[in-house]
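Asker: mind looking at a prediction? Sequence and model below.
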Amino acid sequence: MAEYSVNTAAVAHAERLIDARQYVLESDWGEVQPNAKAQNDFLESHSWDDYAEWHLGLTEGATEETKARYAFVFGDFRRVHRTALIACVYRAAEWRHKDVELAAHELLQRLDKISGA
């Protein structure tokens with residue numbers, strides 16, 4: 001099983017977006033999460049650092065500047081999705097990636113407090 005560390009740049013990016021109210025409170029994450037084409041389109045006009053900022057987890061041992069390096073996406077490359085944060089908490093908890101789980105949980109609490117959800 002892969003191991004992950006928390007991507008602190010992504011956490012800071014998510015916090016900025018939440019504070020700026022750049023979020024979606026209700027969505028079907030399975031339908032709106034970025035697929036391979038959306039990821040490739042994003043990478044055509046953005047840097048790997050920009051791409052990384054949308055992923056709460058960094059895959060230990062994976063090569064830099066590859067999609068395999070980044071895990072636990074939390075938005076659609078424009079806004080944070082509440083359902084994405086819930087998915088991150090759930091997936092990280094399921095596979096016992098406690099640091100990522102806690103980071104996603106804290107972001108979810110921040111979003112709920114700011115949005116009044």
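Answerer: Done, it's in.

Asker: so L107 makes contact with H13?
Answerer: No: here L107 lies out of contact with H13, judged by CB atoms under 8 Å, at a distance of 10.2 Å. (Each C-beta comes from the backbone N, C-alpha and C, glycine too.)

Asker: so for these two, which sits in the more crowded spot?
Answerer: More neighbours surround L107 than the other of L107 and H13, with 24 against 20 (other CB atoms under 10 Å).

Asker: give me the pLDDT for the more buried one.
Answerer: Looking at L107, its pLDDT reads 98.

Asker: looks to me like it is in a helix.
Answerer: Yes: checked against DSSP: H, G, I helix; E, B strand; the rest coil, L107 lies within a helix.

Asker: against Y70, how distant is it?
Answerer: 16 Å (CB to CB, to the nearest Å).

Asker: and L56, by the same measure?
Answerer: From L56 to Y70 the distance is 9 Å (CB to CB).

Asker: name the residues contacting each of those two.
Answerer: Overlap of the contact sets of L56 and Y70 (by CB atoms under 8 Å, 6 or more residues apart in numbering) consists of N7.

Asker: those two: which is more packed in?
Answerer: Taking neighbours as other CB under 10 Å, L56 and Y70 compare with L56 leading, 31 against 24.

Asker: that one sits in which helix or strand?
Answerer: According to DSSP states H and E, L56 maps onto strand 55-59.

Asker: same for that strand, what does it pack against?
Answerer: Where contact means 3 or more CB pairs under 8 Å, 6 or more residues apart in numbering; DSSP states H and E, strand 55-59 is packed against strand 4-6, helix 8-19, strand 70-73, helix 98-115.

Asker: and the third one, what does it pack against?
Answerer: When contacts are defined as 3+ CB pairs under 8 Å, 6+ apart, strand 70-73 sits against strand 55-59, helix 82-94, helix 98-115.

Asker: want to throw those into CSV with distance to V24?
Answerer: Formatted as CSV, those follow (distance: least, CB to CB, whole Å):
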stretch, distance to V24
strand 55-59, 17
helix 82-94, 7
helix 98-115, 10
